[in-house]
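Asks: sequence first, then the predicted structure:
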Amino acid sequence: MTARTSSASLRSAKRQRLLLGILALAALLAAGVIALFALQDRATFFYSPSDLASRPPAPTAEVRLGGLVKEGSVVRRPDGLTLDFVVTDLARETRVSYSGLVPDLFREGQGVVATGRLAPDGHFEARELLARHDENYMPPEVAQALQKSGAMPHEAAR
Amino acid sequence: MHALANPARFRRLAEALTPWLAGAGLLLVGTGLFIGLVLAPADYLQGQSVRIMYVHVPAAWLALGGYLGMALAALTARIWKHPVADVAVHAIAPVGATFAAVCLLTGSIWGRPTWGTWWQWDGRLTSMLLLFFLYLGVIALLSAWDDRAQGARAAGLLAIVGTINLPIIKFSVEWWNTLHQPASIRLSGSSIHAAMLQPLLISAIGFALLFAAAVFMRMRAILAEQQREARLRRRAVAA
C-alpha cells in the first residue's frame, strides 16, 4: 500500500465516523423529543386552578396546586393556626385552607404551591405550603417606587 | 485545532495561560463577591438571602457550559481522534461536577428560607441533579477499565448522550410548572435590577476564568502523567 492510498482511506474513515456521529446525535435528539412529549403531563410540579377544574383529580389523590395568592383573600381563623385564602391563575380560582407554619415569602399577590387534596365541596385542603419566587430581583426602594406607580411586575400565573 | 494536537505544544500554551487565567479569575471573583455580598442592596422579598445568587447562578452556568465543553471534546476525540481531546474530557469532568454540586448545595440553602423546603422533585431541580450524576458517571467510567483508551471511549459516549439533558435543564422552567422561577436573564433583557446584575456578571466571568485555569492545570497534570507512563513502558521494553 502506498502512502497516498493509506491517507485517502484515513480520510474516508474520518468521514465515516463523522457521519455515524451525526446520525447518532440525530437519533438521540429524536429519542429525547419523544420522551419529552411522553413526560409532558407527568413532569409538571403543580396544577393551576384551571387544570384542577378541567381535569379534577381523584378525591383520594394528593396533588399540588400552584398559582398566585389572591390579593385580600388571606383570612386567619380564630384558632390562630388555620389560614384560608384563594389561589388564582387569573382565569380560575380555588379556595385553599392550610394550618401550619407558613414560609417567609408567603404573602398576597405572590406565587404559592400547596400540596394536599381537593375536598368534595371544591376547596383544597393543603397539608404543605411552599412559596414561589418569581424572576424579578430588585432593591426594596425600587419595589416601593414601582408599587406606588402601579408598574409592579407580577408573576404571571403559570 | 491541529496545532493543539501536539501535546507538548499544548502543554506549553496551557502553562503560559494558567497564571493569567487564575489571577484574573481570582481578581474578578473577589470584586464581584465583594460588591455582591457587601455593597449590593438586599432584595425586596428575599432580603439578604438573595446574595446566594452571586455564587449559585455562576455555578449553574458553568456546570452547564462545562458539560457542553466536555461533550464537544468527547465528540472531537471520537471523530477526529484528537489526542488532547480525551485529556480535556478527563480534566473537565471533576471540575464541572464540583460546580454542579455547588449549584445544588447553594440552591438548597436558598430554597429553605425562600420556598420553605430544602428540596423538591421539580423539573429544574431534578434535571440539575441528573447533570451532577452524569458528571459522576463520566468520572467513574474513565477509570473503570485497566485500558485507559477503553475508559475514555465509554466515558465519552456517556458525555455525548448526556447532552440531551442540557436543553431539558434550560427549558424545564418553561415547559413545565416548576417551583424554580423562570430565567431572569434572557436575550430580551434582564429582570434583575442593575445594582444586582452587575456583581453577578463580574463574578460569573471570574468563576469562568477560574474554571478554565483549573481545567488547564488538570490537563497539564494528566499529560505529564501519560508521558511518564509512556517513558516507563519504553524503559521496560528496552530492559
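Replies: Right, received. Where do you want to start?

Asks: tell me where the chain has helices.
Replies: Answering for chain A, as no chain was given. Taking DSSP state H to define them, one finds helices in chain A at A:3-39, A:49-54, A:140-149.

Asks: you answered for a different chain; I wanted chain B.
Replies: Counting by DSSP H, the helices of chain B are B:7-34, B:53-80, B:83-114, B:123-142, B:148-161, B:165-175, B:194-238.

Asks: would a markdown table of these with distance to chain A be doable?
Replies: For glycine as for every other residue, the C-beta is placed from the backbone atoms N, C-alpha and C. Shown next, in a markdown table, are the helices of chain B (distance: least, Cβ to the nearest Cβ, whole Å):
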| stretch | distance to chain A |
| --- | --- |
| helix B:7-34 | 16 |
| helix B:53-80 | 5 |
| helix B:83-114 | 5 |
| helix B:123-142 | 5 |
| helix B:148-161 | 6 |
| helix B:165-175 | 7 |
| helix B:194-238 | 5 |
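
Asks: with respect to A:Ile22, which of those lies nearest?
Replies: helix B:53-80 (9.2 Å; Cβ to Cβ).

Asks: what's the most buried one of the helices of chain A?
Replies: Among the helices of chain A, helix A:49-54 has the highest mean neighbour count (mean count of other Cβ atoms under 10 Å in any protein chain shown), at a mean of 18.

Asks: please see if it touches chain B.
Replies: No: residues of helix A:49-54 are not located near chain B by Cβ under 8 Å from any Cβ of the partner chain, the shortest gap being 8.6 Å.

Asks: any idea of the pLDDT on the residue nearest to the spatial centre of chain A?
Replies: Nearest to the mean C-alpha position of chain A, by Cα atoms, centre = their mean, lies A:Phe45 at 5.3 Å. Note for A:Phe45: predicted pLDDT of 88.

Asks: spatially, which residue comes closest to it, not counting chain neighbours?
Replies: B:Asp122 (4.0 Å; Cβ to Cβ, 6 or more residues apart in numbering or on different chains).

Asks: do you know how far the one you found is from A:Glu108?
Replies: 23 Å (Cβ to Cβ, to the nearest Å).

Asks: export the helices of chain A to JSON lines and tack on distance to B:Arg11 and mean pLDDT?
Replies: What follows is the helices of chain A, written out as JSON lines (distance: least, Cβ to Cβ, whole Å; pLDDT from 0 to 100):
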{"stretch": "helix A:3-39", "distance to B:Arg11": "25", "mean pLDDT": "80"}
{"stretch": "helix A:49-54", "distance to B:Arg11": "57", "mean pLDDT": "88"}
{"stretch": "helix A:140-149", "distance to B:Arg11": "50", "mean pLDDT": "83"}
